[in-house]
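Novice: structure of the sequence below:
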Amino acid sequence: MLPGRSPGQFWAVRVSTSTSTSVLYARDVTKSYGDRPVLRGVDLIASPGQRLGLVGENGVGKSTLLRLLAGVEAPDGGEISRPDDVGYLAQELPADVARSVADVIDGALAEPRELARRVEELAVVLGDDPDRLDEYANEYADVLEQATARDVWDAARRAGLVLDGLGLGALPRERRLDEISGGERSRLALAALLMSQPRAMLLDEPTNHLDDGAVEFLQRHLIALPGVVIVASHDRMLLDAVCTDICDLDPARGGITRYGGAYTEYLVAKRAERARWGQAYAEHQDEVAALRHAVAVTSRNLTPGRAMRDNNKMSYGRLGDRVQASVSSRVRNAQRRLDVLLADPVRKPPAQLHFSGALGEHVQGDALVLAARDVDVPGRLRLKMLDVPADGRLLVTGPNGAGKSTLLSVLAGALPTASGWVWRRRGLRVGLLEQDVVFAEPSRTPRAVWGDRPAPNPQELGLLGGRDLDRPLWTLSVGQRRRLALALLIAGAPHVLLLDEPTNHLSLTLVEDLEQALASAPSAIVAASHDRWLRRRWPGEELGLAA
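Specialist: Numbering: from 1, shown residues only. Coordinates of the predicted model:
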């Protein structure tokens with residue numbers, strides 16, 4: 001069990017503090033694992049009613065920060081203060097598999113019930129003996145405040161609503177945890193946290209394993225909470241619907257940059273920020289170039305090189321000395337300014353993902369490039385008809401098990417069918433980005449894997465940083481390996497891009513860039529996705545598969 005976890009709470013961490021507060025804050029927090037610093041100088045404050053979304057590149061420390069705020073881990077430095085009831089939902093849940101569904105529900109309701117009981121008990125004591133007011137007044141006020149904030153008198157009714165909302169209403173209460181699926185355990189853990197309703201709720205990717213209806217229920221529930229909510233999520237619809245502020249963990253800046261408003265407002269601010277950064281970089285480069293010219297050229301074009309007029313040697317010498325001194329002063333000033341600019345340069349903005357010049361010549365217009373008829377993969381997919389034009393944009397949707405990944409594999413020619421056929425235009429190049437990226441030789445580097453493929457390379461495409469090109473594949477994150485797979489796919493200049501959950505494991509910044517790049521790509525695109533934000537803004541047709 002994790003520290004502070006009671007037997008009835010496998011989903012959450014309970015933390016006791018020496019002060020009673022409803023505010024959660026971190027001041028100058030640092031955390032390293034071995035010689036790898038993860039968080040440095042992090043400051044954060046969240047008051048009741050505020051719902052903060054944590055975003056940032058993969059590996060910047062979002063999950064680490066949540067564990068520190070919850071008290072699961074201790075920071076190496078800095079200070080953290082939290083309410084005395086904190087609920088924490090981790091991405092990967094420990095499971096006491098011997099317990100039943102009923103045990104989890106009872107554990108979730110234990111504290112609300114105890115708070116309600118204690119409020120009533122103290123009210124009786126104070127009603128029967130007013131002289132004991134001084135003795136119990138502070139405790140009564142504190143317990144009443146907690147009970148009110150957590151709405152303990154409505155906990156039983158809330159439990160039923162939460163279970164139904166997360167699709168667990170029909171789950172047998174006597175079922176042991178090792179007898180239900182991993183997705184059901186994750187939803188039950190989230191349900192238990194929502195039932196308990198602590199004054200601070202910390203959620204790490206809470207929409208994993210939730211269908212659309214359950215996510216919409218979660219959004220409504222979080223918006224209605226009176227306490228602090230901090231959520232790390234790749235679900236842009238959730239961040240846009242729920243959050244009052246977005247907190248961006250950017251290692252280049254150090255600490256957290258906080259943006260007021262939901263995800264939509266955050267995107268607007270980030271685009272403006274990036275534009276200012278690009279302008280500042282361009283102005284810096286222009287000034288450096290001009291100063292270098294002044295230092296290198298101006299000093300070689302001194303006025304005293306002119307011929308004397310009227311044989312006035314004395315006047316010429318005095319004028320030449322003054323001109324020489326003036327020019328030398330300008331050169332020195334230019335050199336000093338150049339030294340300042342070079343000592344503190346404006347960093348070049350990272351390249352934005354683009355497909356310009358990467359996908360080669362393509363079939364023009366709306367000519368058909370790919371078609372399928374009466375496709376049958378037993379137990380996995382049945383499809384009557386599908387046509388993909390050269391400029392097509394098709395989004396494949398449906399629940400897990402509906403056959404989305406199977407369809408893409410069939411279209412790519414990677415999976416045979418029991419019946420039916422798939423037609424591809426002569427010479428058609430088809431590229432498939434699978435959900436799970438596996439490289440045969442993980443000790444190789446991206447540069448070695450790329451080999452002599454033509455430019456643009458992964459760095460020039462905006463998919464990998466320069467320092468990541470020479471790191472072994474096994475040291476890269478799942479998201480970085482997926483970026484490399486996408487770059488390799490683009491290098492093949494496919495006429496048709498088949499993308500299976502293209503936004504999985506990618507940072508939100510890269511996902512936004514990817515969507516913009518896809519919108520202007522000359523290839524036909526068939527994408528399968530659960531991403532609600534992508535689905536909402538998809539510019540083409542949609543094919544829904546039933547389970």
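Novice: mind listing what's buried along whichever strand or helix holds residue 124?
Specialist: Assigned by DSSP states H and E, residue 124 belongs to helix 101-128. The neighbour-count criterion (16 or more other Cβ atoms under 10 Å) identifies 101, 103-112, 115-116, 118-119, 122, 126 as the buried residues of helix 101-128. The way it works is simple: take the backbone N, C-alpha and C, and place the C-beta from them, glycine included.
Novice: now stretch 491-506
Specialist: Neighbour-count burial for stretch 491-506, with 16+ other Cβ under 10 Å as criterion, is recorded at 491, 493-506.
Novice: now for those: which two are most distant?
Specialist: Maximum pairwise distance among the buried residues of stretch 491-506 (Cβ to Cβ): 25.8 Å, between 495 and 505.
Novice: what about the strands in the stretch 151-300 of the chain?
Specialist: Using DSSP state E, counting those that start in this stretch, the strands found in the stretch 151-300 of the chain span residues 200-204, 228-232, 245-249, 256-260.
Novice: which of those sits closest to residue 351?
Specialist: The closest of the strands of the stretch 151-300 of the chain to residue 351 is strand 245-249. By Cβ to Cβ, the value is 19.1 Å.
Novice: ends of stretch 160-175, what's the gap?
Specialist: End-to-end span of stretch 160-175 (Cα to Cα, to the nearest Å): 17 Å.
Novice: if you could redo that for stretch 39-59, that was the one I meant.
Specialist: First-to-last residue span, stretch 39-59, Cα to Cα: 10 Å.
Novice: and stretch 54-63, by the same measure?
Specialist: The first residue of stretch 54-63 is 9 Å away from its last residue (Cα to Cα).
Novice: what's the answer for stretch 499-511, then?
Specialist: The straight-line separation of the ends of stretch 499-511 (Cα to Cα) is 13 Å.
Novice: and that stretch, what's its mean pLDDT?
Specialist: Mean pLDDT, computed over stretch 499-511, is 86.
Novice: who touches it?
Specialist: Outside of stretch 499-511, the residues within contact range by Cβ atoms under 8 Å, 6 or more residues apart in numbering are 55-58, 234, 236, 270, 353, 404-405, 408, 432-435, 463, 477-479, 482-483, 486, 514, 518, 525-531, 534.
Novice: any low-confidence regions in the stretch 1-150 of the chain?
Specialist: Within the stretch 1-150 of the chain, the stretches with pLDDT under 70 are 1-20, 92-97, 131.
Novice: at 90 what do you get?
Specialist: For the stretch 1-150 of the chain, the stretches flagged by pLDDT under 90 are 1-22, 33-38, 40-41, 56-61, 83-85, 90-150.
Novice: residue 493 touches residue 429, doesn't it?
Specialist: Yes. Contact criterion Cβ atoms under 8 Å: residue 493 and residue 429 qualify, at 6.3 Å.
Novice: tell me the one of the buried residues of stretch 491-506 nearest residue 82?
Specialist: residue 505 (30.2 Å).
Novice: in the protein, which spans are helices?
Specialist: For the chain, the helices defined by DSSP state H cover 62-70, 101-128, 133-149, 155-165, 182-196, 212-224, 236-242, 263-297, 313-343, 404-412, 446-450, 478-491, 508-520, 532-537.
Novice: helices or strands up against the first one?
Specialist: Using 3 or more Cβ pairs under 8 Å, 6 or more residues apart in numbering; DSSP states H and E as the contact criterion, the elements in contact with helix 62-70 are strand 24-33, strand 36-46, strand 51-55, strand 86-89, strand 200-204, strand 228-232.
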